[in-house]
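Novice: Here you go, sequence then predicted model.
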Amino acid sequence: MPISPPETIPADAAKRRAIKPVICYPVQTLPAYDAAFYENARAGMSLIDTVIVPPRDARCFTVPAGHFFRIAYQDGPQVGDLNLWNSKDLTEKFFSGKTRALHATHVTTGDRLWSNLPSLRPLATITHDTLAWYGWDEYGGGVHDVIGTRCDPYTNYLLSGEDYHYCCHSNLTRALAEEKNLSLKDAEQYVHDVLNVFMCTGFTKDTHQYFMKASPVRAGDFLEFFAEIDLLGALSTCPGGDCGSSHSSEDAACYPLRIEIYKPKDASLAGWEPAKQSGYDQSHGA
């Protein structure tokens, strides 16, 4: 939102604004994306499972470490909200904020999805993105963001005073509760900020507000990941459809999304090991 300028502008205001930015997290010391390794592993991989996520709903899926999974277009342009967990420990889950800080507001091939503290390790690596061509548009929009939190019934009620049960937060909560035989209350505490798959978003140049626009996803498009540990995932088909007009609406055209699980070809993972948790000793200076 616009900020009212102070009554008195400092004499050195221009000098302060002209200070050059510094990247918060230089990532040159992170292990480089080994394109040759992943390409070798994905060449000849075989489909072992498919999950269809119905419109305005969510489904869970499991991916063994060292396998690939894709989120793919099914019957029409549709945005999906993705949650990921360590399948053996739901308290380790996708950390969208740190992923954003280490990579960018939008992710693509070669970027990793990191887990929360204290584990802070790659849960998955993006290995193929058919929408990588999109880049940044004239509005500052890009695809696959780690900015948005997920549409939820609490914000909807705050803004409209009405209950809405088929937003992504509720969809993910129901799916996880069913998958892990949890109460809705217990499942909800594990639902977290998402990767907005296929969603086209950015910040307006004047007010710097979060915006969305119709997704460019079309038939044949997919986003592919490599599981760096044993994963449990959940994907919600957003009630905004392609999010070109509304974030949550009964009027939006919504479509299924397809999740495909692939096993890599034999011997292609020779020498590979699942990602290790952070080596920090957790003493915190005490």
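Specialist: Thanks, I have it. Model, not experiment: these values are computed from the prediction.
Novice: Now do the lengthiest helix in the chain: which elements does it pack against?
Specialist: Longest helix in the chain by number of residues (criterion: DSSP state H): helix 168-180. Judged by 3 or more C-beta pairs under 8 Å, 6 or more residues apart in numbering; DSSP states H and E, helix 168-180 is in contact with strand 58-63, strand 80-86, helix 153-160, helix 184-188, strand 231-237. Using the backbone N, CA and C atoms, a C-beta is placed for each residue, glycine as well.
Novice: what angle sits between it and strand 58-63?
Specialist: If you take axes from the mean of the first three to the mean of the last three C-alpha atoms, to 10 degrees, helix 168-180 sits at 50 degrees to strand 58-63.
Novice: chain center to helix 168-180, what's the gap?
Specialist: Centre-to-centre, helix 168-180 and its host chain are 16 Å apart (C-alpha atoms, centre = their mean, to the nearest Å).
Novice: List the buried residues of it.
Specialist: Cys168, His169, Ser170, Asn171, Leu172, Thr173, Arg174, Ala175, Leu176, Ala177, Glu179 (16 or more other C-beta atoms under 10 Å).
Novice: try stretch 212-227
Specialist: Applying 16+ other C-beta under 10 Å to stretch 212-227 flags Met212, Lys213, Ser215, Pro216, Val217, Asp221, Phe222, Leu223, Glu224, Phe225, Phe226, Ala227 as buried.
Novice: how about that stretch as PDB, C-alpha atoms only?
Specialist: Output in PDB follows, covering the C-alpha atoms of stretch 212-227 (Å, rounded to 0.1, in the frame of the first residue of the first chain):
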ATOM      1  CA  MET A 212      -2.200 -12.900  -9.900                       C
ATOM      2  CA  LYS A 213      -3.000 -13.300 -13.600                       C
ATOM      3  CA  ALA A 214      -4.300 -16.100 -15.700                       C
ATOM      4  CA  SER A 215      -1.900 -19.000 -15.700                       C
ATOM      5  CA  PRO A 216      -0.100 -19.800 -19.000                       C
ATOM      6  CA  VAL A 217      -0.300 -23.600 -18.400                       C
ATOM      7  CA  ARG A 218      -1.500 -25.500 -21.400                       C
ATOM      8  CA  ALA A 219      -1.900 -29.200 -22.500                       C
ATOM      9  CA  GLY A 220       1.400 -31.000 -22.200                       C
ATOM     10  CA  ASP A 221       2.900 -28.800 -19.500                       C
ATOM     11  CA  PHE A 222       4.300 -30.200 -16.300                       C
ATOM     12  CA  LEU A 223       6.600 -29.300 -13.400                       C
ATOM     13  CA  GLU A 224       9.000 -32.200 -12.500                       C
ATOM     14  CA  PHE A 225      10.800 -32.900  -9.200                       C
ATOM     15  CA  PHE A 226      13.400 -35.300  -7.800                       C
ATOM     16  CA  ALA A 227      12.700 -36.500  -4.300                       C
END
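Novice: mean confidence for that stretch?
Specialist: Stretch 212-227 shows a mean pLDDT of 98.
Novice: middle-most residue in the protein, spatially?
Specialist: In the chain, the centroid-proximal residue (C-alpha atoms, centre = their mean) is Leu195; its distance is 1.3 Å.
Novice: And the pLDDT at that residue?
Specialist: 98.
Novice: List the contacts of it.
Specialist: By C-beta atoms under 8 Å, 6 or more residues apart in numbering, Leu195 lies in contact with Asp81, Leu82, Phe94, Ser96, Thr99, Val107, Leu113, His144, Asp145, Val146.
Novice: so the fourth one touches His192, yeah?
Specialist: Yes. Taking C-beta atoms under 8 Å as the definition, Ser96 is a contact partner of His192 at 7.5 Å.
Novice: of the two, who's got more company?
Specialist: Remark: of Ser96 and His192, Ser96 carries more neighbours, 25 against 17, as counted by other C-beta atoms under 10 Å.
Novice: Could I get the contacting residues of that one?
Specialist: When contacts are counted by C-beta under 8 Å, 6+ apart, Ser96 touches Val146, His192, Asp193, Val194, Leu195.
Novice: that older thread, as JSON lines, the buried residues of stretch 212-227 with distance to Ala43 and secondary structure would be great.
Specialist: Converted to JSON lines, the buried residues of stretch 212-227 look like this (distance: C-beta to C-beta, whole Å; DSSP: H, G, I helix; E, B strand; the rest coil):
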{"residue": "Met212", "distance to Ala43": "35", "secondary structure": "strand"}
{"residue": "Lys213", "distance to Ala43": "35", "secondary structure": "strand"}
{"residue": "Ser215", "distance to Ala43": "29", "secondary structure": "coil"}
{"residue": "Pro216", "distance to Ala43": "27", "secondary structure": "coil"}
{"residue": "Val217", "distance to Ala43": "25", "secondary structure": "coil"}
{"residue": "Asp221", "distance to Ala43": "20", "secondary structure": "coil"}
{"residue": "Phe222", "distance to Ala43": "16", "secondary structure": "strand"}
{"residue": "Leu223", "distance to Ala43": "18", "secondary structure": "strand"}
{"residue": "Glu224", "distance to Ala43": "13", "secondary structure": "strand"}
{"residue": "Phe225", "distance to Ala43": "16", "secondary structure": "strand"}
{"residue": "Phe226", "distance to Ala43": "13", "secondary structure": "strand"}
{"residue": "Ala227", "distance to Ala43": "17", "secondary structure": "strand"}
